[in-house]
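[1] Give me a model of this one.
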Amino acid sequence: MIRYDTQEAAEYRERLLRRVRADVTACYQCGNCSAGCPAAFTFDYAPNQVMRMLQVGMVDQVLKSSAIQLCVQCLTCTARCPRNIDVAGIFEDLKTVAVAHDVKVPEDAAVFNRVFLENIARYGRLTEAFMLLRYNLLSKHLLNDAELGLPMVTKGKVEILPKKAVGADEVGRIYRKAMGRVKEKAS
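    The predicted model follows:
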């Protein structure tokens with residue numbers, strides 16, 4: 001038997017409505033979001049299951065799930081929703097809340113998310129080789145995908161040394177300001 005707090009469920013749905021302008025109560029479980037999701041096979045809960053869990057207030061379980069961390073933000077779920085619910089926006093908000101609350105997330109997703117965002121903030125763009133090197137070191141997957149890296153470097157597909165984009169300092173300022181607001185909103 002699943003037990004949930006109806007008051008907590010209502011409060012979280014209200015916060016989602018304000019932040020993302022998406023109402024999870026509008027979801028009637030058609031499954032289109034899950035059927036079209038290219039990454040759903042990696043999730044512990046399909047997108048429609050996440051929506052249902054949010055409807056009944058199982059926010060803590062959702063925040064700890066791999067689904068929100070492994071979502072690739074392709075927007076297929078949002079595009080396929082017959083109720084025009086911004087499912088991808090909800091997933092992104094959940095990911096932000098999980099980061100702000102330091103929720104332990106699966107499969108080194110927290111390390112990847114932090115390294116990815118810090119890379120963008122520092123260089124103003126993604127520097128793939130440097131970001132992946134940092135990720136592999138911090139996640140202790142030292143030779144992860146090494147067999148793919150060398151051919152990409154030799155073919156000029158990936159730059160070895162990171163270069164700052166024009167406006168990188170401004171991107172960093174925006175990142176720091178946004179992260180401050182995320183922590184405020186999540187509290």
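[2] Only C-alpha atoms from now on, for both contacts and neighbour counts.
    Fine.
[3] Would you mind splitting the chain into its domains for me?
    6-100, 109-186 (automatic domain parsing).
[4] What about residue 87, how many residues nearby?
    Neighbours of residue 87 under the rule other CA atoms under 10 Å: 27.
[5] now do residue 109
    16.
[6] ok, it touching residue 69?
    Yes: Residue 109 is within contact range of residue 69, at 6.1 Å (criterion: CA atoms under 8 Å).
[7] mind putting the domains of the chain in TSV, mean pLDDT included?
    Output for the domains of the chain, formatted as TSV (pLDDT from 0 to 100):
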stretch	mean pLDDT
domain 6-100	88
domain 109-186	81
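[8] Of those domains, which stretch is the most buried?
    domain 6-100 (a mean of 18; mean count of other CA atoms under 10 Å).
[9] End to end on that one, go ahead and measure it.
    Using CA to CA, to the nearest Å, the end-to-end distance of domain 6-100 comes to 24 Å.
[10] Where does the residue lying closest to residue 130 once chain neighbours are set aside sit, in terms of helix or strand?
    Of all residues not flanking residue 130 in the chain, residue 162 sits nearest, at 6.5 Å (CA to CA, 6 or more residues apart in numbering). Residue 162 is part of no helix or strand when elements are defined by DSSP states H and E.
[11] residues in contact with residue 162?
    Applying CA atoms under 8 Å, 6 or more residues apart in numbering, we find residue 162 in contact with 123, 127, 129-130.
[12] mind putting those in CSV, distance to residue 79 included?
    What follows is the contacts of residue 162, written out as CSV (distance: CA to CA, whole Å):
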residue, distance to residue 79
123, 32
127, 30
129, 32
130, 33
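[13] Give me the subset of those that lies in strands.
    Residues of those located in strands (DSSP state E): none.
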